[in-house]
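Enquirer: Below: sequence and its predicted model.
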Amino acid sequence: MRSNVTDNESAMMTTPHGTIQGYNGQALVDAKHQVIIEGEAFGWGQYHNHLEPVVTGAQENMQAIGKGDEYFKDAILTADTAYHSTESIKKCEEEGIDAYIPDKDYRKRHPGLKVKESSRIRRRKKFSSEDFSYDEAADEYECPMGKRLKFYTDKAKANGIFYRRYYADAQDCMACMVRQGCISKKGERGKRKQLMIPVESGSRNYSKEMAAKIDTDRGRTLYPHRIIIVEPVFANIRTQKRLDRFTLRGKIKVNIQWLLYCMVHNMEKIANFGHEFAVA
């Protein structure tokens, strides 16, 4: 993922214009006037680690102008799927922020997006764990085609939840006529299928909690506001201010360049709405 000989702090990133070596500029934006409260350029292609430092930076900025430590308490924060991670969700919860960060399957579940229904028509229905019957005496599962999956381990862990893992026989799976309609590819290992059965755990599953939160009426009402709050800011900087690429190398220089453009954006907002800021 990182990096190259000319800029060891940059990273390979996939963009709508292809794969590039570079940085991505992040910004936390005020909903009322689209003022950038915090910005930072990261030489890392994955967004899920970016929310925490940006929120921390925004808090420091507020404290620098005399606001209290709990300035963002109960504030609503929306971020797209790329920021969905346990660390991001925990950070928001610790700071008392009312966050709405959808998981990767959000669009499939949303009744108004028509994604789930169209994709369901195009693909065969796959078996799920509910289609497998459990033999308690043998501690084995039987698949819908009558083949056995044997217990392998109870130490598999994902998203804070422990699972009991069961494996099918490779020969049974390879000869199966309905293999393509079996459990998801995420449950495969080599040529044989595996079944993951969740067991009780003391740790919380922040991802599932957030998925349930964003599926509420409130979540589905608030989250779409994100696109009209933050996307125009990036469009302004990219199109009107002409920052369509960073022209410097090194994290420090690139970050300075990004922050300068953020400042110019904010100056434009102050010129247009300065009287309202003074009243506030």
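Expert: That came through, no problem. Being a predicted model, the structure only gives us computed values, none of them experimental. Numbers count the residues shown, from 1 in each chain.
Enquirer: alpha carbons only for contacts and neighbour counts from here, please
Expert: OK.
Enquirer: in the helix or strand that residue 226 is a member of, what counts as buried?
Expert: Per DSSP states H and E, residue 226 falls inside helix 225-235. Residues of helix 225-235 classed as buried: 226, 229, 230, 233, 234 (neighbour count, 16 or more other Cα atoms under 10 Å).
Enquirer: buried sites along the helix or strand following that helix?
Expert: Per DSSP H and E, the first helix or strand lying C-terminal to helix 225-235 is helix 251-279. The neighbour-count check on helix 251-279 (16+ other Cα under 10 Å) flags 251, 254-255, 257-259, 261-263, 265-266, 269-270 as buried.
Enquirer: Could you do stretch 93-105 as well?
Expert: For stretch 93-105, by 16+ other Cα under 10 Å, it's 95, 96, 97, 99, 100, 101, 102, 103.
Enquirer: got it, and stretch 141-154?
Expert: In stretch 141-154, counting by 16+ other Cα under 10 Å, buried: 141, 142, 143, 148, 149, 150, 151.
Enquirer: now do stretch 30-49
Expert: 34-49.
Enquirer: Can you tell me which of the residues you listed has the lowest confidence score?
Expert: Among these, residue 45 carries the lowest pLDDT, at 78.
Enquirer: List the contacts of that residue.
Expert: 1, 11, 12, 13, 14, 23, 24 (Cα atoms under 8 Å, 6 or more residues apart in numbering).
Enquirer: Out of the residues you listed, which comes closest to residue 195?
Expert: residue 1 (31.2 Å; Cα to Cα).
Enquirer: So the protein: which segments form each domain?
Expert: Following the assignment in automatic domain parsing, the chain carries domains at 11-102+223-279, 129-198.
Enquirer: now the end-to-end length of the last one.
Expert: Right, domain 129-198. Using Cα to Cα, to the nearest Å, one end of domain 129-198 lies 10 Å from the other.
Enquirer: Distance from the chain centre to that domain, please.
Expert: Centre-to-centre, domain 129-198 and its host chain are 28 Å apart (Cα atoms, centre = their mean, to the nearest Å).
Enquirer: on that earlier part again, which residues sit against the helix holding residue 226?
Expert: Contacts of helix 225-235 (Cα under 8 Å, 6+ apart): 29, 30, 31, 34, 78, 79, 80, 265.
Enquirer: And for stretch 196-209?
Expert: 84-86, 89-90, 103, 129, 159-166, 187.
Enquirer: Stretch 46-62 too?
Expert: Counting by Cα under 8 Å, 6+ apart, 26-28, 37-40, 42, 68-69, 71-72, 82-85, 87-88, 91 sit against stretch 46-62.
Enquirer: and what of stretch 4-14?
Expert: Under Cα under 8 Å, 6+ apart, the answer for stretch 4-14 is 1-3, 19-23, 42-45, 249-251.
Enquirer: From start to finish, how long is that stretch in a straight line?
Expert: 16 Å.
Enquirer: could you list every residue that touches the residue positioned nearest the centre of the chain?
Expert: Closest residue to the average C-alpha location of the chain: residue 84 at 2.5 Å, with Cα atoms, centre = their mean. Shown in contact with residue 84 (Cα under 8 Å, 6+ apart): 48, 101, 102, 103, 207.
Enquirer: if we can go back for a sec, for the buried residues of helix 225-235, give me TSV that also has pLDDT.
Expert: Supplementary listing: the buried residues of helix 225-235 in TSV, determined by pLDDT from 0 to 100:
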residue	pLDDT
226	95
229	96
230	96
233	97
234	96
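Enquirer: Cheers, nothing more for now.
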